[in-house]
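*Asks:* Make a model of this:
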Amino acid sequence: MGAWGWFAMSFTQLIIWALILAAAVLMLRTFRHDTDSRVAPDRGAVLSERAESLLAERFAMGEIDDEEYQRRLAALRSNARGPKGW
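*Replies:* Reported below is the predicted structural model:
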């Protein structure tokens, strides 16, 4: 076997090990993704919490009365998922 044969065999071996390593890393990332704590919160939930907070502030400052606060809070909570497409 000449020099090119040894080169081809070594190069092929490196590629095989690189593919095995890449597959192992991808599998680990896939399984760890489910328990990853860095997952961003649901956008609709964040907006809903912010809207409820603003509504509570308006109620606390006396801008709206109890009846209007309850009505708007019920409306916010019934549409917590946001408009279609979110």
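
*Asks:* need the strands for this structure, in chain order.
*Replies:* Using DSSP state E, the chain contains no strands.

*Asks:* what stretches of it score poorly on pLDDT?
*Replies:* Counting by pLDDT under 70, the ranges of the chain that qualify are 33-44, 80-86.

*Asks:* Regarding it, what is its longest helix?
*Replies:* helix 3-33 (DSSP state H).

*Asks:* in that one, what's buried?
*Replies:* Buried positions in helix 3-33, judged by neighbour count with 16 or more other Cβ atoms under 10 Å: none. (Glycine included, C-beta is placed from N, CA and C.)

*Asks:* before we move on, what about stretch 45-59?
*Replies:* For stretch 45-59, by 16+ other Cβ under 10 Å, it's 48, 51, 55, 59.

*Asks:* Check whether the last one really touches residue 69, as I assumed.
*Replies:* Yes: Residue 59 is within contact range of residue 69, at 4.3 Å (criterion: Cβ atoms under 8 Å).

*Asks:* any shared contact partners between those two?
*Replies:* Residues within reach of residue 59 and of residue 69 at once, by Cβ atoms under 8 Å, 6 or more residues apart in numbering: there are none.

*Asks:* Report how many residues lie close to residue 78.
*Replies:* 8 (other Cβ atoms under 10 Å).

*Asks:* Tell me who's in contact with it.
*Replies:* Residue 78 touches nothing, counting by Cβ under 8 Å, 6+ apart.
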